[in-house]
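1. A structural model of the following input is requested.
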Amino acid sequence: MDGKQHIAIFTTASLPWMTGTAVNPLFRAAYLAKDGERKITLVIPWLSLKDQKLVYPNNTTFGSASEQESYIRQWLEERIAFISGFDIRFYPGKFAVDKRSILPVGDISEIIPDEEADIAVLEEPEHLTWFHHGKRWKTKFHLVIGIIHTNYLEYVKREKNGRFQAFLLKYVNSWVVSIYCHKVIRLSAATQDYPRSIICNVHGVNPKFLEIGKKKFEQQHSSNQAFTKGAYYIGKMVWSKGYEELIKLLRDHQKELAGLEVDLYGNGEDCDQVKEATKRLKLTVRVHPGRDHADPLFHDYKVFLNPSTTDVVCTTTAEALAMGKFVVCANHPSNDFFKQFPNCRIYDDDNGFVEATHKALNEEPAPLTDAQRYQLSWEAATERFLSVSELNQVFAKELEKKSSKKFASMSLNLRKNMEDTSAYFHYVALGFETTRRAFGAIPGSLHADEEQCKELGLVTARGREGSIN
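-> Modelled structure (predicted):
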């Protein structure tokens with residue numbers, strides 16, 4: 001070890017898939033590495049060409065991991081004003097069509113050599129460990145921090161037999177997170193509760209959105225009309241991402257909202273159904289393909305309508321506030337962080353939505369103060385992360401632990417023994433293909449296949465016994 005903290009950030013997605021678990025961990029890596037005091041490694045999934053075609057937009061594919069890394073670094077450099085020296089490594093992943101998610105293949109903790117295994121940050125720890133079979137995360141790393149991004153229970157409840165599935169998933173999530181994480185950060189109270197967890201929004205916004213907001217601030221102060229368009233919504237076009245709630249609100253209150261025009265932007269499996277639903281409305285609702293939220297097309301909209309209650313902390317809401325817009329959103333735990341901003345208009349019921357929308361369209365947004373702008377930034381998010389994760393105290397605690405002569409109490413030993421037994425049961429159960437399939441794993445995901453190992457320069461894992469020691 002070189003005296004620096006080594007932080008490995010594992011996540012469940014990578015660019016060019018524009019999803020929160022691809023974008024936010026990338027910014028986290030960049031800002032943690034900014035001052036050069038820590039060694040940061042971002043560990044992201046590598047997909048086969050077949051899966052890339054299913055996941056990445058605009059037919060974007062990569063022939064090698066180095067090619068994808070170059071794409072990611074260029075994307076980041078266009079959005080931050082500093083050079084950040086962090087490493088990028090890839091683990092084998094497969095796309096689960098039924099879950100619309102990338103799942104790890106094999107023991108991905110092996111991507112980090114034992115001599116560098118200091119601190120691990122698991123972005124979506126439940127997702128990364130549902131089917132984990134290999135060395136125990138808490139054993140390999142001195143500290144494992146899980147960051148809960150997704151309200152999986154809310155999504156599952158909307159499926160067939162959803163309540164029963166959510167009941168089971170809640171306990172599975174608690175199980176794997178408790179045996180693999182020392183500390184858990186929940187972005188908001190919208191997620192399920194976990195042992196040893198704390199609620200803190202440790203995400204910021206792409207600096208581009210803050211720059212757009214500054215330009216709007218200048219326009220407002222020069223007496224120019226900063227916002228010339230009305231209301232819009234942007235998000236993946238699936239019903240569970242807020243479209244169901246928004247279409248219902250518009251349908252049920254067409255009379256009160258007469259004259260309202262709304263533009264919807266997004267791509268997704270339910271795009272055709274959303275278009276059909278808007279055609280049955282008397283209001284003018286236009287449906288457009290998805291675009292980057294920083295596109296100049298969005299700069300002049302004044303009101304962002306977001307009734308979604310499946311988010312944990314909605315990235316597009318933060319981006320809209322950063323651009324100086326009004327945001328109309330539900331009184332829901334996922335929006336608690338945004339209540340501190342005067343341009344966030346919270347509603348409790350349908351009538352509140354109608355009233356908040358009318359007011360937002362007929363008023364001018366308050367310019368963000370420097371302090372409010374800072375709260376939305378990745379600099380502030382990184383400070384919050386370092387504070388709640390107590391990373392600056394980790395080494396001191398380790399030294400104290402090594403020098404202490406006190407024995408742990410019987411209750412602590414008992415809890416540790418129970419946890420070790422539980423972890424061993426998970427390890428054994430997930431080592432059999434039949435059990436893995438029963439849990440919902442992708443067939444053949446116990447070990448990476450030879451093609452992916454060759455593409456990533458990994459030793460073929462098939463036939464090798466794992467270890468949780």
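
2. wait, isn't Gly324 in contact with His221?
-> No: the pair Gly324 and His221 does not pass the contact test of Cβ atoms under 8 Å, sitting 11.5 Å apart. Using the backbone N, CA and C atoms, a C-beta is placed for each residue, glycine as well.

3. tell me, what's touching those two both at once?
-> Pro367 (Cβ atoms under 8 Å, 6 or more residues apart in numbering).

4. what about those two, which has more around it?
-> Gly324 (27 against 10; other Cβ atoms under 10 Å).

5. so who does that one touch?
-> Gly324 sits next to 212-213, 216-217, 220, 226, 343, 365, 367-368 when contact means Cβ under 8 Å, 6+ apart.

6. my read is that Val238 contacts Asn267, right?
-> No: applying Cβ under 8 Å, one finds Val238 not in contact with Asn267, separated by 9.7 Å.

7. those two: who's more crowded?
-> Val238 (20 against 15).

8. give me the distance between the more buried one and Gly266.
-> Look at Val238 and Gly266: by Cβ to Cβ, to the nearest Å, they are 8 Å apart.

9. over to Gln340?
-> 27 Å.

10. comparing the two, which residue is more hemmed in?
-> Neighbour comparison, Gln340 and Gly266: the larger count goes to Gly266, with 21 against 11 (by other Cβ under 10 Å).

11. excluding its backbone neighbours, what's nearest that one?
-> Spatially, and ignoring its direct neighbours in sequence, Gly266 is nearest to Met237 (3.6 Å; Cβ to Cβ, 6 or more residues apart in numbering).

12. ok, that neighbour - contacts?
-> Here Met237 is in contact with 243, 264, 266-271, 274, 290 (criterion: Cβ under 8 Å, 6+ apart).

13. which of the residues you listed ranks first by neighbour count?
-> Ranking the contacts of Met237 using other Cβ under 10 Å puts Tyr243 first, with 26 neighbours.

14. just give the nearest non-adjacent residue to that residue, would you?
-> Val274 (5.4 Å).

15. now do the buried residues in the strand or helix carrying the one you found.
-> Secondary-structure element containing Val274, defined by DSSP states H and E: helix 271-279. Under the neighbour-count criterion of 16 or more other Cβ atoms under 10 Å, helix 271-279 has 271, 273-274, 277-278 buried.

16. check stretch 112-122 too.
-> In terms of neighbour count (16+ other Cβ under 10 Å), stretch 112-122 has its buried residues at 112, 116-122.

17. and the end-to-end length of it?
-> With Cα to Cα, to the nearest Å applied, stretch 112-122 spans 13 Å between its terminal residues.

18. now swap in stretch 440-454 and tell me
-> 26 Å.

19. pull out the buried residues from that stretch.
-> Neighbour counts over stretch 440-454 (16+ other Cβ under 10 Å) mark 441-442, 445-449, 452-453 as buried.

20. hang on, the earlier thing: which of the contacts of Met237 sits closest to Gly457?
-> Asn267 (33.7 Å; Cβ to Cβ).

21. ok, that closest one - contacts?
-> Contacts of Asn267 by Cβ under 8 Å, 6+ apart are 57, 236-237, 289-290.

22. same deal with Val184?
-> Contacts for Val184 (Cβ under 8 Å, 6+ apart) come out as 125, 145-148, 177, 194-198.

23. output those residues as TSV; include the columns pLDDT and distance to Gly20.
-> Output for the contacts of Val184, formatted as TSV (pLDDT from 0 to 100; distance: Cβ to Cβ, whole Å):
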residue	pLDDT	distance to Gly20
Pro125	95	15
Ile145	97	17
Gly146	97	15
Ile147	97	11
Ile148	95	12
Val177	93	18
Tyr194	91	19
Pro195	84	24
Arg196	84	23
Ser197	93	19
Ile198	95	20
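
24. just those: which are in strands?
-> Using DSSP state E, the members of the contacts of Val184 that fall within strands are 145-148, 197-198.

25. low-confidence ranges, the stretch 301-450 of the chain, go.
-> 394-415 (pLDDT under 70).

26. now with 50?
-> Applying pLDDT under 50 to the stretch 301-450 of the chain flags residues 395, 399-408, 410.

27. just the strands from it, written as ranges.
-> Applying DSSP state E, counting those that start in this stretch to the stretch 301-450 of the chain gives strands spanning 301-306, 326-330, 344-347.

28. verify the stated contact: Asp114 with His142.
-> No: assessed by Cβ under 8 Å, Asp114 is found out of contact with His142, at 11.7 Å.

29. what's the burial count for the closest residue to Glu159 other than its chain neighbours?
-> In space, and not counting its chain neighbours, Glu159 is closest to Gln165: 6.4 Å by Cβ to Cβ, 6+ apart. Using other Cβ under 10 Å, Gln165 has 16 neighbouring residues.

30. does anything pack onto the helix or strand harbouring Gln165? Which helices or strands?
-> In this structure, Gln165 is located in helix 162-180 according to DSSP H and E. Contact partners of helix 162-180 among helices and strands, from 3 or more Cβ pairs under 8 Å, 6 or more residues apart in numbering; DSSP states H and E: helix 125-129, helix 137-140, strand 143-148, helix 152-157, helix 410-429.

31. 10 Å instead?
-> strand 119-123, helix 125-129, helix 137-140, strand 143-148, helix 152-157, helix 410-429 (3 or more Cβ pairs under 10 Å, 6 or more residues apart in numbering; DSSP states H and E).
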